[in-house]
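Visitor: Everything below, folded, please.
(one chain, ligands or ions: 3)
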Amino acid sequence: MSLLITGATLADGTTTDLAVADGRLIDPADAPADAERIDAAGLLALPGLVDLHAHLREPGHEDAETVDSGTQAAARGGYTAVFAMPNLDPTTDTGEAVAHLLEIVARDAHCEVVPIGAVTKGREGTELAELGLMAARGVTMFSDDGACVDDALIMRRALTYLKPFGGVVAQHAQDPRLAGPGACCHESEISGRLGLPGWPSVAESTIIARDVQLAEFTGGRYHACHISTAESVDVIRWAKKRGVDVTAEVTPHHLLLDTPHVEGFDTTFKVNPPLRTSEHIEALREALADGTIDVVATDHAPHAQQDKDHPFDVASPGMLGLEQSLAVVVDVMVNSGRMDWATLVERMSAAPARIGRLATQGRPLAVGEPAHLVLVDPSRRATVDRSASASRSRNNPYHGVDLPDPVQLTVWRGGVTWRR
Ligand SMILES: NC(=O)N[C@@H](CC(=O)O)C(=O)O
Ligand SMILES: [Zn+2]
Ligand SMILES: [Zn+2]
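Guide: Numbers count the residues shown, from 1 in each chain. Ligands and ions are numbered 1, 2, ... in the order given. Next comes the predicted model:
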């Protein structure tokens, strides 16, 4: 399949034609005569987006999502690569589990899928998983996501052990004593009034403070998942200033949605970490703009209706993210004038590919590079409809909200994976 995309604007503002053949970008002058012509006047062409944090639910929870459905959602969102969290059944904690997931991916995926390996066996936090054997199968990121690696010695060992492999430990920072299993609402006046167990902001930042010191001490590579508080931003900023090898991500929902969303007890808005207040949101936006936060990662967390249809404090936490991630970042960061398109590309494509050591993604749109790209209409808007989704789940927190609707066409490995 070959494409000739004419008159596209790149993130730096220049206008160009792009040609795709045999999975690569080629000189438009060499485009085959039968190439499909796509008029991209008024559209932006960006490198395909890369998500460091997605839950695809296969194997084990196929009622909520599969590799097929989750990567279709990714393609609709402009993504050409996603890293798949290991809280599956069985847990991705062995070389064999990685190999099994990669077989499903080879058969069904609509974008690159890189398995994330668990840090500890069964994500139970007590015994290191098969880190080396998973690394040998191409795993570069390790996380017990959904659970915190709260034992400091286990964290120390994981950081040390992964050094020769170049692996990064991605932490779900939640002190299990300060924010226990029932914690489900930002600890504040609102949690008190609603009678929901509170999840104080320091339950996140104190873990990250400990971890970045362990990263400095060991020389290991550390990544803070879904940071949600101003204190976490301060800690990351401090660690980076010291030259510690740390990176951090923020989700689209923590950039847009605030604590009052839970006042109606709609379990769609139950998520870990919880939605925070406007002061925290402001700190996250600022940190994403200035680079303290390196990447936007979706934490796409599909859940079947039966797992959400419960009282708020017992419903499953998590919300969808892949399809509206770019829309939220465009609205909150670009349309507001906080960030330009080139920085958006850095935060949503180049930096995540670098952190995940995915050499074929996050590349500039230049001749000879792999053809992973997304065409974006910067001005189109629409009201989000949760039923119009490729995901198997409907826990979409943006349902009924007017947002940008930017993704026009997604190309992965030279083939169109989604078009409007
Ligand atoms: N974010 C969530 O609320 N839930 C995630 C786990 C996680 O990211 O911690 C899930 O797997 O559903
Ligand atoms: Zn998590
Ligand atoms: Zn997650």
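Visitor: Please, which helix or strand holds Glu96?
Guide: Per DSSP states H and E, Glu96 falls inside helix 95-108.
Visitor: That helix - contacts with which helices or strands?
Guide: helix 67-76, strand 112-115, helix 131-136 (3 or more CB pairs under 8 Å, 6 or more residues apart in numbering; DSSP states H and E). Every C-beta, even on glycine, is put in place using the N, C-alpha and C of the backbone.
Visitor: So what's the residue count around Gly198?
Guide: Residues within reach of Gly198, counting by other CB atoms under 10 Å, total 20.
Visitor: Can you name the residues that contact it?
Guide: By CB atoms under 8 Å, 6 or more residues apart in numbering, Gly198 lies in contact with 179, 183, 185-188, 191-192.
Visitor: Turn those into TSV, columns for neighbour count and distance to Gly321.
Guide: Putting the contacts of Gly198 into TSV (neighbours: other CB atoms under 10 Å; distance: CB to CB, whole Å) gives the following:
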residue	neighbour count	distance to Gly321
Ala179	25	21
Ala183	24	21
Cys185	24	20
His186	24	19
Glu187	20	24
Ser188	18	24
Ser191	20	23
Gly192	11	29
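Visitor: Could you dump the helices and strands packed on helix 95-108 into CSV and include distance to ligand 3, mean pLDDT and mean neighbour count?
Guide: What follows is the helices and strands packed on helix 95-108, written out as CSV (distance: least, CB to the ion, whole Å; pLDDT from 0 to 100; neighbours: other CB atoms under 10 Å):
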stretch, distance to ligand 3, mean pLDDT, mean neighbour count
helix 67-76, 13, 99, 26
strand 112-115, 14, 98, 24
helix 131-136, 18, 98, 19
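Visitor: export stretch 118-136 as CSV, just CAs?
Guide: Only the C-alpha atoms of stretch 118-136 are listed here, as CSV (Å, rounded to 0.1, in the frame of the first residue of the first chain):
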residue,chain,number,x,y,z
ALA,A,118,5.6,-7.0,36.4
VAL,A,119,8.3,-6.0,38.9
THR,A,120,7.2,-8.7,41.4
LYS,A,121,5.7,-12.1,41.0
GLY,A,122,1.9,-11.8,40.8
ARG,A,123,2.4,-8.1,41.5
GLU,A,124,2.3,-9.1,45.1
GLY,A,125,5.3,-6.9,46.1
THR,A,126,7.4,-9.6,47.8
GLU,A,127,9.6,-11.4,45.2
LEU,A,128,11.1,-10.1,42.0
ALA,A,129,9.6,-11.4,38.8
GLU,A,130,11.6,-12.9,35.9
LEU,A,131,13.0,-9.5,35.0
GLY,A,132,15.9,-10.8,33.0
LEU,A,133,13.9,-13.3,31.0
MET,A,134,11.3,-10.7,30.2
ALA,A,135,14.0,-8.2,29.2
ALA,A,136,15.3,-10.9,26.8
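Visitor: now that stretch, how far from the centre of its chain.
Guide: Computed by CA atoms, centre = their mean, to the nearest Å, the chain-centroid distance of stretch 118-136 equals 21 Å.
Visitor: Which ones among the contacts of Gly198 map onto helices?
Guide: 191-192 (DSSP state H).
Visitor: Next, work out how far apart the nearest residue to Asp22 once chain neighbours are set aside and Ala97 are.
Guide: Excluding its sequence neighbours, the residue lying closest to Asp22 (CB to CB, 6 or more residues apart in numbering) is Gly414, at 6.5 Å. Between Gly414 and Ala97 the distance is 30 Å, computed by CB to CB, to the nearest Å.
Visitor: got it, and Ile5?
Guide: 39 Å.
Visitor: and the two? which has more neighbours close in?
Guide: Ile5 (26 against 23).
Visitor: ok but the more buried one is inside a helix, no?
Guide: No. According to DSSP: H, G, I helix; E, B strand; the rest coil, Ile5 belongs to no helix; its state is strand.
Visitor: Could you shift the numbering so residue one becomes 805, and keep it that way?
Guide: Done: numbering now begins at 805, and the last item shifts to Ile809.
Visitor: for it, what are its contacts?
Guide: Residues near Ile809 by CB under 8 Å, 6+ apart: 821-824, 842, 844, 849, 1179.
Visitor: Ala1043 too?
Guide: With CB under 8 Å, 6+ apart, Ala1043 has these contacts: 1016, 1019-1020, 1050.
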